[in-house]
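Engineer: Structure here, sequence nowhere to be found:
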């Protein structure tokens with residue numbers, strides 16, 4: 001009751017212009033106060049699949065490479081590398097670097113981490129991201145031993161990675177959390193290391209953690225490039241309510257509000273934009289609804305197409321999200337390939353009804369026998385509003401009854417991964433700047449990120465052929481054909497392409513946000529009064 005009464009009051013204040021940051025105040029020390037929208041489900045780099053967890057991991061860990069402010073991979077934990085003539089074998093020499101407890105980072109840490117993720121008994125939902133490594137896939141499927149995987153530490157400072165085929169974007173892959181090392185000297189002796197002995201090798205380390213309340217990160221004194229890190233402290237609040245976060249920013253309790261770590265209330269965006277303090281940027285990401293193709297009636301492609309075509313995306317981005325998003329008639333965002341032709345027409349009611357009638361016929365049921373649909377999403381005001389709109393759109397267009405179910409973030413992710421849903425919200429942001437980052441999720445049923453459990457032999461064959469195609473134009477044509485198959489089968493319904501919005505205090509400088517919506521604070525700082 002109190003929360004319901006508070007929200008309108010805060011919104012009225014913010015719309016009146018009270019959220020504008022002060023241009024005269026300067027902090028006294030190098031600390032940055034941010035908000036993380038929810039409790040990270042895991043801070044184990046080998047297990048994280050969600051953006052909340054990865055956001056923290058990107059602050060605390062570092063791979064062989066790191067994306068610089070120009071969105072280019074640069075050497076990080078690696079000091080140098082050589083590449084074989086066939087472009088498929090990399091030999092890295094590690095620089096002298098230390099974990100946050102002072103122990104050396106070694107090539108064995110990388111080898112053990114990657115091979116643990118590929119162990120069939122280890123729960124790594126994104127292991128398919130590693131299938132570019134030689135014998136990685138058969139190892140994960142239990143068809144060969146881990147000793148055959150193309151990763152080997154030749155000594156403490158030398159790591160060799162053999163790929164299945166040349167991968168032109170491999171150095172960018174190495175910057176993603178899928179290739180972060182874990183401290184084997186800690187992990188192997190302490191199964192509770194995440195809570196008792198959390199050690200990392202990035203610019204910051206986790207100093208304190210109060211579950212569901214806050215996290216405190218400190219500058220890593222052992223980081224190899226610590227001279228470049230100016231921030232001494234990063235405070236992460238865990239506030240889920242968007243209005244509360246905005247109020248904290250207004251009251252100078254936060255230095256940053258909104259993307260990429262959290263959200264701003266859509267009701268306040270017009271006022272913030274008018275005041276000239278709202279920052280906007282494009283993201284290589286797609287907001288979608290995924291269908292569980294193992295469950296009736298979503299095992300039928302015509303039914304899935306009907307539901308997708310009945311969505312009015314233009315209405316959603318204009319009236320609900322209001323952040324200049326583009327309606328998505330493709331899965332792969334336009335940022336990842338130029339001149340993307342639409343794969344279908346938005347809000348195509350005539351075709352939606354035709355597909356629905358055909359789907360009913362194929363399923364052998366009448367329209368009045370079509371079961372009620374359960375639509376799941378994680379608890380957030382924006383997700384709820386979109387779900388309500390689509391609930392109404394499906395009912396008006398196809399006569400479908402839709403039940404809305406919202407779940408806490410960690411529970412929602414768990415149900416997604418275990419197929420305990422019918423239709424669910426799915427947010428996808430590229431991990432590398434290549435179309436395969438979206439298509440690969442559906443390449444294999446064994447991919448833990450393939451929540452739809454959809455597969456198609458021709459789709460898989462096209463992706464595998466693209467792996468071996470050196471000609472960029474031919475490769476692009478193969479990927480486009482693969483996407484067209486996926487859109488025709490519609491295991492996932494794209495809704496809009498992401499944009500990010502945030503507000504920050506004027507004294508916050510040097511924060512880098514990549515096309516992949518990753519916040520990097522390595523070069524960030526605050527202007528102080530000293």
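Structural biologist: Nice, thanks for sending it over. Since the structure is predicted, the reported quantities are computational estimates derived from the model, not experimental observations.
Engineer: where exactly do the helices run in the stretch 401-530 of the chain?
Structural biologist: 409-417, 436-439, 457-467, 472-489 (DSSP state H, counting those that start in this stretch).
Engineer: May I see the buried residues of the longest one?
Structural biologist: Residues 475, 478-480, 482-487, 489 are the ones in helix 472-489 that count as buried (16 or more other CB atoms under 10 Å). Every residue, glycine included, has its C-beta placed from N, CA and C.
Engineer: for stretch 383-398, same thing?
Structural biologist: Those would be 383, 386-387, 389-391, 393-394, 397-398, for stretch 383-398 by 16+ other CB under 10 Å.
Engineer: likewise stretch 228-236?
Structural biologist: 229-231, 234-236.
Engineer: Give me the contact list for that stretch.
Structural biologist: Residues outside stretch 228-236 that contact it (CB atoms under 8 Å, 6 or more residues apart in numbering): 29-36, 56, 59, 203-204, 214-220, 223, 261, 510, 521-526.
Engineer: could you redo the last one with a cut-off of 6 Å?
Structural biologist: 30-34, 36, 203-204, 215, 217-219, 521-522, 524-525 (CB atoms under 6 Å, 6 or more residues apart in numbering).
Engineer: ok, now stretch 156-166?
Structural biologist: 87-94, 106-107, 110, 132, 134, 150-154, 467-468.
Engineer: same thing but 8 Å
Structural biologist: Contacts of stretch 156-166 (CB under 8 Å, 6+ apart): 64, 78, 86-94, 104, 106-108, 110-111, 131-136, 150-154, 170, 467-468, 470.
Engineer: what about the residue nearest to residue 76 when sequence neighbours are not counted, which SS state?
Structural biologist: In space, residue 76 comes closest to residue 66 once its chain neighbours are excluded; the distance is 3.9 Å by CB to CB, 6 or more residues apart in numbering. Three-state assignment for residue 66 (DSSP: H, G, I helix; E, B strand; the rest coil): strand.
Engineer: circling back: now the buried members of the contacts of stretch 156-166.
Structural biologist: By 16+ other CB under 10 Å, these give 64, 78, 88-94, 106-108, 110-111, 131-136, 150-153, 170, 467 as buried.
Engineer: Please narrow these to those residing in strands.
Structural biologist: Residues of these located in strands (DSSP state E): 78, 89-94, 151-153.
Engineer: before we move on, back to that, I'd say the residue nearest to residue 76 and residue 73 touch.
Structural biologist: Yes. Residue 66 is within contact range of residue 73, at 7.2 Å (criterion: CB atoms under 8 Å).
Engineer: Spell out which residues are contacts of both of those two.
Structural biologist: What both residue 66 and residue 73 touch, as defined by CB under 8 Å, 6+ apart, is the set residue 175.
Engineer: any idea which of the buried residues of stretch 383-398 is the one closest to residue 411?
Structural biologist: Within the buried residues of stretch 383-398, proximity to residue 411 (CB to CB) peaks at residue 383, which comes in at 14.1 Å.
Engineer: Surely the closest one forms part of a helix?
Structural biologist: Yes. Secondary structure of residue 383 (three-state DSSP): part of a helix.
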